[in-house]
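S.K.: one predicted model, sequence on top.
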Amino acid sequence: MKHFTSVDDIQDLNALLDIAQNHKQNPFANEDLGRRKTIGLLFFNPSLRTRLSTQKAASNLGMQAMVMNLNTEGWLLEFEDGVVMNGNKAEHIREAAQVVSQYCDILAVRSFPTLADKQKDVSEHVISAFKKFASVPIVSLEGSSEHPLQAVADALTIREFKTKNRPKVVLTWAPHPKALPHAVPNSFAKIMKLSDVDFIITNPDGYDLDPKITNGVTIERDQNKAFENADFIYAKNWSSFENYGQILSQDLSWTITSEKLKLTNSAKFMHCLPVRRNMIVSDEVLDSESSIVIPQANNRTFAAQAVLSEILKNQ
Amino acid sequence: MKHFTSVDDIQDLNALLDIAQNHKQNPFANEDLGRRKTIGLLFFNPSLRTRLSTQKAASNLGMQAMVMNLNTEGWLLEFEDGVVMNGNKAEHIREAAQVVSQYCDILAVRSFPTLADKQKDVSEHVISAFKKFASVPIVSLEGSSEHPLQAVADALTIREFKTKNRPKVVLTWAPHPKALPHAVPNSFAKIMKLSDVDFIITNPDGYDLDPKITNGVTIERDQNKAFENADFIYAKNWSSFENYGQILSQDLSWTITSEKLKLTNSAKFMHCLPVRRNMIVSDEVLDSESSIVIPQANNRTFAAQAVLSEILKNQ
Amino acid sequence: MKHFTSVDDIQDLNALLDIAQNHKQNPFANEDLGRRKTIGLLFFNPSLRTRLSTQKAASNLGMQAMVMNLNTEGWLLEFEDGVVMNGNKAEHIREAAQVVSQYCDILAVRSFPTLADKQKDVSEHVISAFKKFASVPIVSLEGSSEHPLQAVADALTIREFKTKNRPKVVLTWAPHPKALPHAVPNSFAKIMKLSDVDFIITNPDGYDLDPKITNGVTIERDQNKAFENADFIYAKNWSSFENYGQILSQDLSWTITSEKLKLTNSAKFMHCLPVRRNMIVSDEVLDSESSIVIPQANNRTFAAQAVLSEILKNQ
């Protein structure tokens, strides 16, 4: 594994999940692997789980972590080429990425989408620039169109909690007050396509994800029908992809409630967090035994540890 | 020791001060105790001494520290139950506390009071929520009504500098341009009640601290009278508790000056810092040999190290 | 070496560069030197290279680094003496410096100039206050009038890339949209005066640096003439020193282009970064093999490691 910025970078999902599972059982078994190695965690956006779990994963592997909030602690970066830099952006990504590569053995970057410029977001504008100019491996801590570390944690969680060989997994849109990115549902859809599951997506009209990603996946408009026999309900809000970045609906009838869960096969409830209570999901569901969002978040550490250890092994 | 969020969590003050003193003499004697352990330092408010001394204490014990400014680097947290989360708060404390507990062996939290909602502040609204939902020990880095790590450092300092078995210790209100919390004077009053000292409080009318805390302590309105024969003058501003959070006086006659110190038994001057010069205390006193605020601040490291080591020993 | 806040603190430049070179060849050879030692990195201003390279250097030496953004994470500091502190500044540098010295073995501070109060800036107002009140060595991470760690990296880079015993080095002013400090050109001029180079400065009228620093150095108004036979072109913008802090020119004819480089002896292009493309230097030059800004930035780690190791050896 060179870079890890997309689920597409996973060569063998089951092998990677085995590695994550091993780290979970013995978190410190590889604490010499990262000795004298440094990871730079570079944030353009807020982060709680990703920040702390990746730091913890690095620490478990014996790595030093240097954490920076680029926008507030460093310089505003220019990403366009050929520009006369006479505005408020003090440094070009070409220099920044090359320079920071010299201080770190791995760079991990979080950069949310604009939700205004579809082409930029789909192209992973920022993460791609780091990949292009940096001289060390790049790990996505959530990019504009993918959140692959989250997806690995999700797949690990499903493997741990499934009670049949081929569970039915439903990704469902749910309402939210703000326009949200597509990164989490995109990466989840991609990793489910690599998994031995019966996977469908349910969302309102106008909310279909990028058809290049959902290609081959059933998209069901009727949430109730989608939930039938489901073993896992993965809820998430996202803004419209067609009417890019817009909020077309805040329909609370899509909120995941106990009533809805009764339609399923005693499904487990999943969400990447942070989650809006009583918008995405009712208190009753989230506080019930059906919810596995807390162990799901715990798996973030071991997903990161698996990815970092694979990169370190190749260095 | 499970949690440490109040002076009430101290079972044996002298034993704890002995431990702190041992750490001070041999800071690295326990550097294996925290091996492979991680402390999360979570800040809702600014911090200089608490942040660096607790980080240093953790490092002396061999722990990893992960530091986060929650409001700016993470998500705004909702603390109310049953809310439809359709505002600007992205995550509920129920999830945040549970999740972060999985990445850390100890969580340390700083959260100042509102100074508007007395009930919330007295109940340690934020710290109590962390205690309720987290699955690991919680340490207060200053809550809304207590600052127990400061109090341990204060008690250690008095023990080091006292020249008689039972010194007279005076906690005095002093003027300040802003409305300040009650956490420091509350914890100081509590820990003095556990100590072998002659303790009195002096403050203007309207500035009495929570009577549940000062119960049994003499409150003297006449600062000059209170200072008579004092061995330690601990100055601090706080806003009114009765007229909750209000500034009733900025009377500079309460400022600690050389003239005032002459009323005492060559008292040592103490303050938790940061201190407003020529409001709380004159330059002359603060820059004199009477002032022990610098060694007092140094003891923050060993107070934290004592508390963290006691928690680690119980894990 | 006690403090390191100016090029004047270097006793033997060649010896220091030898040490830096040794660290570059064997970064971890001294990883026990900083064991149980802590460096506090205190930032009043943004930083990318300085922050990460100094953290990396500390880590290579086995030191703990505690990083703080003082203005946003701590308290606003008062630097004036005798003030009644009834405004927005909560803590005096006298206490802050003394206190933090107790938690750290070395303090490193970044503080940019006001560009309004010439006297304050030239006196290194903030860094000098830390030196005065702290009880541990102070390292400048760029002060108001010097950036000595940058200068050491610059000198190391010239030593590595020079192809003759006594190369010609030109420091040239170049245009920029904002008023910039004099710290980098000041320290570069000072270190070139200590080096075996033919050194000249070229800048427009009104842009002469502090004559106390450039004393003995040729200042050439004609950039083209200055570039003749040059082996190194070090470009940098600075605001006027005479008309203190003002922008007198944004003349793009001073931008470093391929045409300009043709006047030189195939000169290498240097800049401390961040650099404004197509203001300071054309894309064509910066992306060419003439540019050595990336290895120059890499040397920041080893410059810092040399300085920190010299300080640690004296402790």
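M.R.: Ah, there it is.

S.K.: got the residues of the stretch 151-300 of chain A near chain B?
M.R.: Within the stretch 151-300 of chain A, the residues that sit near chain B (Cβ under 8 Å from any Cβ of the partner chain) are A:177, A:273-279, A:283, A:286-287, A:293-294, A:297-298. C-beta coordinates here come from the backbone N, C-alpha and C atoms, glycine included.

S.K.: go again with 10 Å.
M.R.: A:175-178, A:250, A:252, A:255, A:271, A:273-280, A:282-283, A:286-287, A:291, A:293-300 (Cβ under 10 Å from any Cβ of the partner chain).

S.K.: drop anything exposed from those.
M.R.: For those, a neighbour count by 16 or more other Cβ atoms under 10 Å in any protein chain shown gives the buried set as A:175-177, A:255, A:271, A:273-280, A:282-283, A:286, A:291, A:293-300.

S.K.: and the residue in chain A positioned nearest to chain C, what does it touch?
M.R.: Proximity to chain C, evaluated over chain A using Cβ to the nearest Cβ, is greatest for A:Glu91 at 3.3 Å. Going by Cβ atoms under 10 Å, 6 or more residues apart in numbering or on different chains, A:Glu91 touches A:70, A:74-78, A:85, A:99, C:48-49, C:273-277.

S.K.: at 7 Å what do you get?
M.R.: A:Glu91 makes contacts with A:75, A:77-78, C:273-274, as judged by Cβ atoms under 7 Å, 6 or more residues apart in numbering or on different chains.

S.K.: separation between it and A:Met68?
M.R.: 13 Å (Cβ to Cβ, to the nearest Å).

S.K.: all helices of chain A, in order?
M.R.: Listed in chain order, the helices of chain A (DSSP state H) span A:13-25, A:49-60, A:70-73, A:93-101, A:118-122, A:125-133, A:148-161, A:183-193, A:211-214, A:223-227, A:258-261, A:283-286, A:293-313.

S.K.: among the ones you listed, which is nearest C:Arg36?
M.R.: helix A:49-60 (18.7 Å; Cβ to Cβ).

S.K.: what angle separates the closest one from helix A:13-25?
M.R.: Helix A:49-60 runs at 70 degrees relative to helix A:13-25, counting by axes from the mean of the first three to the mean of the last three Cα atoms, to 10 degrees.

S.K.: rewinding a little: make TSV from the helices of chain A and add distance to B:Asn237 and mean pLDDT to it.
M.R.: Converted to TSV, the helices of chain A look like this (distance: least, Cβ to Cβ, whole Å; pLDDT from 0 to 100):
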stretch	distance to B:Asn237	mean pLDDT
helix A:13-25	50	98
helix A:49-60	35	98
helix A:70-73	31	92
helix A:93-101	44	98
helix A:118-122	51	98
helix A:125-133	47	98
helix A:148-161	47	98
helix A:183-193	47	98
helix A:211-214	58	98
helix A:223-227	57	98
helix A:258-261	51	98
helix A:283-286	41	98
helix A:293-313	41	98
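
S.K.: for those helices, give me JSON lines that also has distance to B:Asn14.
M.R.: Shown next, in JSON lines, are the helices of chain A (distance: least, Cβ to Cβ, whole Å):
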{"stretch": "helix A:13-25", "distance to B:Asn14": "43"}
{"stretch": "helix A:49-60", "distance to B:Asn14": "36"}
{"stretch": "helix A:70-73", "distance to B:Asn14": "44"}
{"stretch": "helix A:93-101", "distance to B:Asn14": "51"}
{"stretch": "helix A:118-122", "distance to B:Asn14": "62"}
{"stretch": "helix A:125-133", "distance to B:Asn14": "56"}
{"stretch": "helix A:148-161", "distance to B:Asn14": "47"}
{"stretch": "helix A:183-193", "distance to B:Asn14": "53"}
{"stretch": "helix A:211-214", "distance to B:Asn14": "65"}
{"stretch": "helix A:223-227", "distance to B:Asn14": "62"}
{"stretch": "helix A:258-261", "distance to B:Asn14": "54"}
{"stretch": "helix A:283-286", "distance to B:Asn14": "46"}
{"stretch": "helix A:293-313", "distance to B:Asn14": "40"}
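
S.K.: which of the ones you listed sits closest to A:Pro204?
M.R.: The nearest among these, by Cβ to Cβ, is helix A:223-227 at 8.5 Å.

S.K.: list the buried ones in the closest one?
M.R.: So for helix A:223-227, counting by 16+ other Cβ under 10 Å, buried means A:223, A:226-227.

S.K.: out of the helices of chain A, which gets nearest to B:Ile127?
M.R.: helix A:49-60 (19.1 Å).

S.K.: give me the distance from the closest one to the chain's centre.
M.R.: Here helix A:49-60 is found 14 Å from its chain centre; the criterion is Cα atoms, centre = their mean, to the nearest Å.

S.K.: with stretch A:184-194 instead?
M.R.: 9 Å.

S.K.: pull the residues that contact that stretch.
M.R.: A:7, A:10, A:13, A:145-148, A:150-151, A:154-155, A:169, A:171, A:199, A:201, A:209-210, A:213-214, A:216-217, A:234, A:236, A:238, A:272.

S.K.: quick one: stretch A:78-91 to chain centroid distance?
M.R.: 29 Å.

S.K.: ends of that stretch, how far apart?
M.R.: 6 Å (Cα to Cα, to the nearest Å).

S.K.: now it: average pLDDT?
M.R.: Mean per-residue pLDDT for stretch A:78-91: 97.

S.K.: sorry, back to before: please, a ChimeraX command that selects the buried ones among the contacts of stretch A:184-194?
M.R.: Per 16+ other Cβ under 10 Å, the buried members of the contacts of stretch A:184-194 correspond to this ChimeraX selection:
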select /A:7,10,13,145,146,147,148,150,151,154,155,169,171,199,201,209,210,213,214,217,234,236,238,272
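
S.K.: tally of neighbours for the residue lying closest to A:Asp32 once chain neighbours are set aside?
M.R.: Nearest in space to A:Asp32, with sequence neighbours left out and distances taken as Cβ to Cβ, 6 or more residues apart in numbering or on different chains, is A:Gly62 at 5.8 Å. Applying other Cβ atoms under 10 Å in any protein chain shown, we find 16 residues neighbouring A:Gly62.

S.K.: got it, and A:Glu80?
M.R.: For A:Glu80, the number of neighbouring residues by other Cβ under 10 Å comes to 12.

S.K.: and the gap between the residue in chain A that chain B sits nearest to and B:Pro46?
M.R.: Scanning chain A for the residue nearest chain B gives A:Pro274, at 3.3 Å (criterion: Cβ to the nearest Cβ). Counting by Cβ to Cβ, the separation of A:Pro274 from B:Pro46 is 24 Å.

S.K.: surely A:Lys2 touches A:Pro137?
M.R.: Yes. A:Lys2 is within contact range of A:Pro137, at 5.7 Å (criterion: Cβ atoms under 7 Å).

S.K.: neighbour count winner among these two?
M.R.: Neighbour count, other Cβ under 10 Å: between A:Lys2 and A:Pro137, A:Pro137 has more, with 25 against 13.

S.K.: for chain A, what lies in contact range of chain C?
M.R.: A:36, A:38, A:40, A:64, A:66, A:73-75, A:82-86, A:90-92, A:95-96, A:98-100, A:102-103 (Cβ under 7 Å from any Cβ of the partner chain).

S.K.: so of those residues, which ones are in strands?
M.R.: A:38, A:40, A:64, A:66, A:91-92 (DSSP state E).

S.K.: give me the neighbour count for A:Pro27.
M.R.: Neighbours around A:Pro27, by other Cβ under 10 Å: 18.

S.K.: for it, which non-adjacent residue is closest in space?
M.R.: A:Asn60 (4.7 Å).

S.K.: contacting residues around the one you found?
M.R.: Counted by Cβ under 7 Å, 6+ apart, A:Asn60 has contacts A:27-28, A:31, A:305.
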